[in-house]
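# no sequence on this one, just coordinates:
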């Protein structure tokens, strides 16, 4: 497997990699003493699993229309000529709220591994390459957003050395997302 940088015009290849996953457990966010005593994340197995597909909320091919991506990095993990993983990093881009106008921080905008290749180190290699690129840009933080329903991603980010820095139970106003809690991870570079 090799990791290659692609141009924005090649995002159709990127889109070939599914980002859907099965939600079989969630992290319940439990504030102790109304949050003054800290917050506990307790993994709860769901009685009925369901599939979540982030591409239904925003197709990668639309990023070019929605953002000025000249400062973005697009990576593909290739098995021969087949894309099996991808990662995108946003840096110094007006309109990307997660960057908060900072130029010392990058955002891991997207990371995906084809289901048949998960658990084989593809995500780890993509993540490390993304962090290395952000560090080379002078960033001191790599920021990543996920949700409490994506337990595997949370465990992955923690395993990569990230620290959970924000929990926002009221971040999503879309009716279908209102039951999800935003979890924002930070990796010091």
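Perfect, I can see it now. In this text, all values refer to a predicted model and were calculated from it rather than measured experimentally.
# So for stretch 8-23, first residue to last residue, what's the gap.
30 Å (C-alpha to C-alpha, to the nearest Å).
# cool, stretch 136-143 as well?
Terminal residues of stretch 136-143 lie 15 Å apart, using C-alpha to C-alpha.
# Give the buried residues for that stretch.
Using 16 or more other C-beta atoms under 10 Å as the burial criterion, the residues of stretch 136-143 that qualify are 137, 139, 141, 142, 143. To be clear about C-beta, it is placed using only N, CA and C from the backbone, and glycine gets the same treatment.
# these two touch, right, residue 115 and residue 18?
Yes. Shown here, residue 115 and residue 18 form a contact pair, counting by C-beta atoms under 8 Å, at 6.3 Å.
# same for whichever strand or helix holds residue 3, what does it pack against?
Assigned by DSSP states H and E, residue 3 belongs to strand 2-5. Judged by 3 or more C-beta pairs under 8 Å, 6 or more residues apart in numbering; DSSP states H and E, the packing partners of strand 2-5 are strand 73-79, helix 122-136.
# Residue 160: which of those is closest?
Closest to residue 160 of those, according to C-beta to C-beta: helix 122-136, at 5.4 Å.
# Report the angle between the closest one and strand 73-79.
Relative orientation of helix 122-136 versus strand 73-79 (axes from the mean of the first three to the mean of the last three C-alpha atoms, to 10 degrees): 150 degrees.
# Which single one of the buried residues of stretch 136-143 is nearest to residue 43?
Nearest member of the buried residues of stretch 136-143 to residue 43, counting by C-beta to C-beta, is residue 143, at 23.3 Å.
# confidence score at the closest residue to residue 68 other than its chain neighbours?
Closest residue in space to residue 68, ignoring its immediate chain neighbours: residue 93 at 6.1 Å, by C-beta to C-beta, 6 or more residues apart in numbering. Residue 93 is assigned 96 on the pLDDT scale.
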